[in-house]
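**Student:** Need coordinates for the following:
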Amino acid sequence: MTSSDDRWVAAELRESLSAGDLPALAEAGLLSGDDLQYLLSYKRSVPDAEDTDRYQELLMQAVSEKMNGAIEAGNLSVMSHATGVKSKRVDTSSWQAVTELVDLWNSDDRDDMLNMMVYAPLPPEGPTGVGKTDFAYTVIEAGMRAYPGLSVASNNTSDEFADVQAWSELEEWLEEQDGTKAFLLDEAAQVLQFADMRAGKALSKLIKLLRKYQCHLIVISHTGKDIPKDIRRMVLLCRKESKKKATIGVGLDEVNGDMQIDRELLKLGNIPPARLEYESIDDKGEFVFDMNDEDEAGASEDDGDESPDRVKCRGVNKEGESCGTLTDHESGFCEWHRDQWDGDNDPRFE
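**Tutor:** As a prediction, this is how the structure comes out:
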């Protein structure tokens with residue numbers, strides 16, 4: 001199997017040949033041995049051969065045959081060589097970060113949707129300038145790879161996705177879309193500061209609404225302290241430590257005023273910048289929780305932990321404390337504590 005490093009070397013070689021850095025035909029890596037020998041012989045025999053129509057015809061036919069064979073055989077080295085090193089290409093170590101994010105969306109063990117809250121450390125690293133929003137869009141890009149045709153909405157009106165800035169608009173959008181969906185809530189610390197509803201209850205109801213419609217939630221928070229305590233057990237947490245680094249896990253511990261991930265699940269380095277176009281909304285995110293009485297009543301009925309298909313995880317964290325994350329797995333253990341399962345089924349599911 002060809003590694004990403006091998007493909008990168010093949011692409012770099014293409015650039016060197018094209019630039020004339022090596023004493024060889026620019027198309028050397030795109031020709032079979034026989035075709036290469038024939039074209040070199042043609043160049044020796046015909047003055048200014050490369051400028052003739054015949055040479056270009058022969059070259060096009062030879063390269064086309066080589067590309068056709070590479071595609072049929074899945075020869076990534078040849079295809080990478082043909083593509084070359086693009087000026088905007090991220091370096092190979094960032095491919096791993098994107099791959100791991102795609103795998104995160106595709107987790108077979110996940111009991112629920114990929115609900116993630118992104119936050120930043122305190123100064124001097126954060127909370128601004130560490131790329132929280134950019135990373136959220138990179139996560140969305142990974143979701144689009146994991147689920148081709150993924151429907152996406154956000155409360156950031158500058159991106160290419162559906163604009164949703166109220167509960168009623170979100171619910172209407174969810175009902176109109178088929179398949180897997182994702183909602184990006186930017187600057188959540190701002191939009192959750194509204195009257196007559198605690199932030200935790202609001203997010204809890206939002207998560208329940210999205211789960212009903214098979215919709216993932218990506219929330220851009222501030223410093224982690226603004227993430228309600230009763231929500232922390234329901235989501236993945238991402239500490240965006242710098243523009244290139246992030247740690248993803250579950251649970252938060254406050255250390256000298258800074259929120260640290262309790263149980264690290266994934267550390268990412270050299271995270272590539274998002275390719276999606278957007279503008280920062282500069283702490284002015286809008287989202288109105290204008291649910292009607294029926295919405296509120298339905299959400300309140302579902303607030304209890306005694307739901308027949310969701311129970312509190314039986315596992316314990318590294319401090320020996322009960323996890324409490326809601327799960328619908330027959331074991332009674334969430335995905336993060338499934339390794340504590342000894343094979344017995346939770347009687348609450350029987």
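**Student:** Look at the nearest residue to residue 162 once chain neighbours are set aside and say how many residues are nearby.
**Tutor:** With sequence-adjacent residues excluded and distances taken as Cβ to Cβ, 6 or more residues apart in numbering, residue 162 is closest to residue 153, at 4.0 Å. Where C-beta positions appear, they are placed from N, C-alpha and C, glycine not excepted. Residue 153 has 22 neighbours, counted by other Cβ atoms under 10 Å.
**Student:** just the one 4 residues further on next, same as before
**Tutor:** Residue 157 is surrounded by 14 other residues when neighbours are defined as other Cβ under 10 Å.
**Student:** what's the answer for residue 62, then?
**Tutor:** 19.
**Student:** For it, give me its contacts.
**Tutor:** Neighbouring residues of residue 62 by Cβ atoms under 8 Å, 6 or more residues apart in numbering: 27, 30, 31, 32, 35, 38, 39.
**Student:** For residue 44, see how far away it is.
**Tutor:** 17 Å (Cβ to Cβ, to the nearest Å).
**Student:** In helices, which of the contacts of residue 62 appear?
**Tutor:** Within the contacts of residue 62, residues falling in helices by DSSP state H are 35, 38, 39.
**Student:** Skip the chain neighbours and tell me the closest residue to the first one.
**Tutor:** Going back to what we said before, that points to residue 35. In space, residue 35 is closest to residue 62, 3.7 Å off (Cβ to Cβ, 6+ apart).
**Student:** Can you point out the buried residues in the helix or strand in which the one you found is found?
**Tutor:** Assigned by DSSP states H and E, residue 62 falls within helix 53-73. By neighbour count on 16 or more other Cβ atoms under 10 Å, the buried set for helix 53-73 is 55, 58, 59, 62, 63, 66, 70.
**Student:** Redo these as a markdown table? Include pLDDT.
**Tutor:** Below are these laid out as a markdown table (pLDDT from 0 to 100):
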| residue | pLDDT |
| --- | --- |
| 55 | 83 |
| 58 | 86 |
| 59 | 85 |
| 62 | 84 |
| 63 | 82 |
| 66 | 82 |
| 70 | 72 |
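**Student:** Could you point out the helix or strand that follows the helix or strand of the chain with the lowest mean pLDDT?
**Tutor:** In the chain, the helix or strand scored least confidently by mean pLDDT, DSSP states H and E is helix 293-301, which has a mean of 46. Using DSSP H and E, the helix or strand that follows helix 293-301 in sequence is strand 311-312.
**Student:** in its sheet, what does that following strand sit against?
**Tutor:** strand 326-327 (antiparallel) (DSSP bridges).
**Student:** ok, so what distance separates the one residue sitting closest to the centre of the chain from residue 25?
**Tutor:** Compute the mean C-alpha point of the chain, and by Cα atoms, centre = their mean the closest residue is residue 139, 2.4 Å away. Going from residue 139 to residue 25 by Cβ to Cβ gives 43 Å.
**Student:** ok, back up a step: whichever of the ones in helices among the contacts of residue 62 end up buried, select them in ChimeraX.
**Tutor:** Applying 16+ other Cβ under 10 Å to the ones in helices among the contacts of residue 62 leaves a buried subset, and the ChimeraX line that selects it is:
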select :35,39
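**Student:** What distance do you get for the nearest residue to residue 323 once chain neighbours are set aside to residue 233?
**Tutor:** Spatial nearest neighbour of residue 323, excluding adjacent residues (Cβ to Cβ, 6+ apart): residue 313 at 4.0 Å. Separation of residue 313 from residue 233 (Cβ to Cβ): 8 Å.
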